[in-house]
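Visitor: Give me the fold of what follows.
(one chain, ligands or ions: 1)
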Amino acid sequence: MARRKKIYEGKAKILYEGPEPGTIVQYFKDDATAFNAEKMEVIDGKGVLNNLLSEYFMNGLNTIGVPTHFIRRLNMREQLVKNCEIIPLEVIVRNFAAGTLSKRLGIEEGTQLPRPIVEYCYKDDALGDPLVSEEHIAAFGWASQQDMDDVLSLALRVNDFMSGVMLAVGIRLVDFKIEIGRIFDGDFQRLVIADEISPDSCRLWDIETGRKLDKDVFRRDLGNLTDAYAEVATRLGVMPKNSPQVTKPTLIN
Ligand code: TYD
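Guide: The predicted model follows:
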């Protein structure tokens with residue numbers, strides 16, 4: 001069997017060369033990292049859940065006409081996506097104050113924001129993904145003004161879609177991060193939602209109890225991360241209620 005070519009290994013995923021030109025295989029690992037990889041752990045089953053959840057969100061976005069890089073899921077850990085050039089920005093959309101926004105501005109976590117706030121961080125682990133303004137983005141040529149108009153409109157559409165999907169299953173979308181890629185088609189460039197959309201990159205709170213169902217469970221040692229992600233997957237119908245545990249294989253005597 002031919003060995004496939006690894007293109008890149010990140011904190012939560014590995015990218016391999018895809019079967020056709022212009023495609024990539026995204027492999028979801030079980031590794032969890034936080035605080036710029038200062039905290040690290042392997043969490044059984046996390047990769048499988050994120051693969052299924054990201055498929056669900058990306059499919060939904062494609063269906064309502066928000067373009068994404070997603071082509072199809074290949075198996076429990078891998079999905080086929082379009083190769084794109086990632087704009088080096090973490091695009092964050094916030095509906096309620098939490099995390100660094102609360103720290104930076106002294107706003108109590110959970111406070112509803114007057115309108116969705118979009119922030120940009122420059123993707124650079126060595127610098128700790130610093131917050132940047134559109135002035136920095138334009139001056140350093142990370143994206144054009146036209147790109148940024150499109151990025152903002154894509155981010156707000158993803159926010160409306162994700163907020164609605166979550167609300168329907170009793171979950172509040174507090175904030176999330178997306179990455180945007182460029183796909184070239186001859187002389188034209190199209191922007192698409194890339195990377196992943198999963199509880200690793202969202203804040204999701206149960207509407208009734210406020211219970212956290214996202215990576216803060218790991219960041220803040222609040223319990224079992226796989227249980228939290230499985231709860232989201234179950235509510236969305238992505239994981240059948242009585243499916244065998246995604247974590248460890250069961251021994252049959
Ligand atoms: P933020 O509150 O800025 O940072 P932190 O998660 O370190 O407190 O994060 C806002 C949202 O964006 C949150 O849901 C996590 C997500 N996010 C990422 O997934 N990766 C990132 O590199 C950043 C900066 C944010």
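Visitor: what's around Val66, how many residues?
Guide: Using other CB atoms under 10 Å, Val66 has 17 other residues around it. Glycine gets a C-beta too; all of them are placed from N, C-alpha and C.
Visitor: Likewise for Thr209?
Guide: 8.
Visitor: What of Gly22?
Guide: 12.
Visitor: Could you pick out the residues of the stretch 51-200 of the chain near the ligand for me?
Guide: Glu90, Ile92, Ala98, Gly99, Thr100, Leu101, Cys121, Asp129, Asp175, Phe176, Lys177 (CB under 6 Å from any ligand atom).
Visitor: rerun that using 8 Å as the cut-off
Guide: 90, 92, 94, 98-103, 119, 121, 123, 129, 131, 174-177, 200 (CB under 8 Å from any ligand atom).
Visitor: ChimeraX command for the buried members of these?
Guide: Per 16 or more other CB atoms under 10 Å, the buried members of those correspond to this ChimeraX selection:
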select :90,92,94,98,101,102,119,121,129,174,175,176,177,200
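Visitor: Just to be sure, which of the residues of the stretch 51-200 of the chain next to the ligand are found in helices?
Guide: Gly99, Thr100, Leu101, Ser102, Lys103 (DSSP state H).
Visitor: Identify the residues contacting the most centrally placed residue in the chain.
Guide: Nearest residue to the geometric centre of the chain (CA atoms, centre = their mean): Ile197, 2.8 Å. Ile197 is in contact with Leu53, Ser54, Phe57, Met58, Leu61, Val158, Met162, Phe176, Ile178, counting by CB atoms under 8 Å, 6 or more residues apart in numbering.
Visitor: just Arg77 next, same as before
Guide: If you count contacts by CB under 8 Å, 6+ apart, then Arg77 has Tyr27, Phe28, Gly47, Val48, Asn51 around it.
Visitor: got it, and Asp195?
Guide: His69, Ile86, Ile178, Glu179, Gly181, Ser201.
Visitor: Buried ones among those?
Guide: His69, Ile178, Glu179, Gly181, Ser201.
Visitor: would you turn these into JSON lines with pLDDT?
Guide: Converted to JSON lines, those look like this (pLDDT from 0 to 100):
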{"residue": "His69", "pLDDT": "98"}
{"residue": "Ile178", "pLDDT": "98"}
{"residue": "Glu179", "pLDDT": "98"}
{"residue": "Gly181", "pLDDT": "98"}
{"residue": "Ser201", "pLDDT": "97"}
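Visitor: tell me which of these is nearest to the ligand?
Guide: Checking the buried ones among the contacts of Asp195 against the ligand with CB to the nearest ligand atom, the nearest one is Ser201 at 3.5 Å.
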